[in-house]
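In: Here is my input, please return the structure:
(one chain, ligands or ions: 1)
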Amino acid sequence: MPRSAAGKPAESPCAFDSRGRPARLRYNSQFMSELLEGKTALILGVANRWSLAWAIAQAYRRHGARIILTYQGERLRLTVEELAAELGADTVLACDVTRDEELDALVARLKEAGTRLDAVVHSIAFANREDLARPFLETSRAGYLLAQDVSAYSLVAVARAAAPLMSEGGSILTLTYLGSSRVVPNYNVMGVAKAALEAAVRYLASDLGPSNIRVNAISAGPVKTASARGIKDFSKVLDGVSQHAPLRRNTDPAEVGDAAVFLASSLGRGVTGNILFVDSGFQIMGL
Ligand code: NAP
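Out: Numbering: from 1, shown residues only. This is a model prediction of the structure:
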């Protein structure tokens with residue numbers, strides 16, 4: 001067993017006890033490895049330090065990846081630049097995923113710099129606030145199309161733009177939610193967009209598999225983020241999960257980050273077209 005300078009057995013995430021049995025896992029979210037050493041990840045969707053994309057960026061960085069972040073519009077540029085500096089991310093680029101010209105410019109900048117991508121994270125969604133509060137039946141055509149464009153179609157656009165930069169294969173990851181397949185009060189038009197997003201994951205996985213590019217989604221349990229606050233009565237959803245999920249607690253964003261590391265690393269090399277639930281097990285419950 002490795003020993004620390006003090007002569008005690010060094011802390012390891014998978015140590016063995018004195019009888020050679022695996023000891024209780026001492027893993028914590030500060031655990032570091034070289035799983036993503038030499039890999040470069042483009043991460044879209046960091047708005048602030050509560051964003052799931054931020055938890056993923058931190059986890060990727062801890063495991064050795066070089067990080068490139070994007071921001072949508074000048075409003076967020078400073079915040080994202082500050083977070084990038086904190087993380088040691090060397091590039092921050094603008095990208096509104098509804099604008100093909102911004103996606104093209106992003107790819108052109110990366111190409112110019114000779115950047116090869118190994119991982120892409122799409123952590124983006126948007127719907128009108130009123131569509132997340134009134135009955136789904138009342139969804140307008142414009143509100144429906146907006147949610148689909150930003151939250152589902154954008155994965156197709158991002159994958160098409162990024163794939164040529166993933167010359168050695170890699171991982172594309174998006175974020176989804178249980179509201180894609182079950183009715184969650186007030187999730188409404190976003191649930192329908194997530195259903196489309198999950199179908200897009202499967203079709204993209206099929207198209208990009210021959211290039212050794214894997215496409216997966218993490219279905220995260222509810223987490224209090226800026227986007228989630230737009231959903232009416234979101235705190236009731238959080239309460240329901242903490243009371244009824246098998247693990248009796250809500251999802252820690254760091255758990256999403258760690259699962260994302262698995263999918264981006266060679267440990268996940270056989271996984272594509274998959275929806276991985278990181279939700280304290282809530283999705284298995286009937287009642
Ligand atoms: P968040 O911090 O608000 O992240 C959403 C991101 O999407 C923001 O950075 C937002 O930027 C960006 N975005 C919206 N429209 C965009 C556009 N046109 N172009 C580029 N970026 C755009 O909230 P989050 O909860 O971490 O959400 C990330 C993903 O996780 C979403 O797909 C969400 O549905 C999914 N998810 C969340 C939960 C949850 O409970 N929080 C659970 C499961 C899945 P702006 O701030 O500038 O709009």
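In: who are the neighbours in contact with residue 206?
Out: By Cβ atoms under 8 Å, 6 or more residues apart in numbering, residue 206 lies in contact with residue 273. C-betas here are computed from N, CA, C, even on glycine.
In: where's it relative to the ligand, distance?
Out: As judged by Cβ to the nearest ligand atom, to the nearest Å, residue 206 and the ligand stand 22 Å apart.
In: For that residue, what is the enclosing helix or strand?
Out: helix 188-208 (DSSP states H and E).
In: what about whichever helix or strand comes after that helix and the ligand, touching?
Out: Per DSSP H and E, the first helix or strand lying C-terminal to helix 188-208 is strand 213-220. Yes. For a cut-off given as Cβ under 6 Å from any ligand atom, strand 213-220 has contacts with the ligand, namely residue 220.
In: Spell out, range by range, the strands that occur in the stretch 151-287 of the chain.
Out: With strands called from DSSP state E, counting those that start in this stretch, the stretch 151-287 of the chain shows them at 170-176, 213-220, 275-278.
In: and the longest one, what does it pack onto?
Out: When you say that, I think you mean strand 213-220. In terms of contacts (3 or more Cβ pairs under 8 Å, 6 or more residues apart in numbering; DSSP states H and E), strand 213-220 is packed against strand 170-176, helix 188-208, helix 253-264, strand 275-278.
In: Could you identify which of the ones you listed is most buried?
Out: Highest mean neighbour count of those: strand 170-176, a mean of 27 (counted as mean count of other Cβ atoms under 10 Å).
In: So in that sheet, which strands flank that one, and in what orientation?
Out: Paired strands of strand 170-176, with direction, are strand 119-122 (parallel), strand 213-220 (parallel) (DSSP bridges).
In: what's the distance between residue 76 and residue 44?
Out: To residue 44, residue 76 is 12 Å away according to Cβ to Cβ, to the nearest Å.
In: more crowded one of these two?
Out: residue 44 (25 against 16; other Cβ atoms under 10 Å).
In: Surely the more buried one touches residue 122?
Out: Yes. Counting by Cβ atoms under 8 Å, residue 44 does reach residue 122; the two are 5.6 Å apart.
In: who touches both of these two?
Out: In contact with both residue 44 and residue 122: 97, 158, using Cβ under 8 Å, 6+ apart.
In: can you give me the helices for the protein?
Out: With helices called from DSSP state H, the chain shows them at 52-62, 77-87, 100-112, 141-148, 154-162, 188-208, 234-244, 253-264.
In: For the fourth one, enumerate the helices and strands it packs against.
Out: Put plainly, it is helix 141-148. Counting contacts by 3+ Cβ pairs under 8 Å, 6+ apart, helix 141-148 packs against helix 188-208.
In: If anything else comes up later, I'll come back, but that's it for now.
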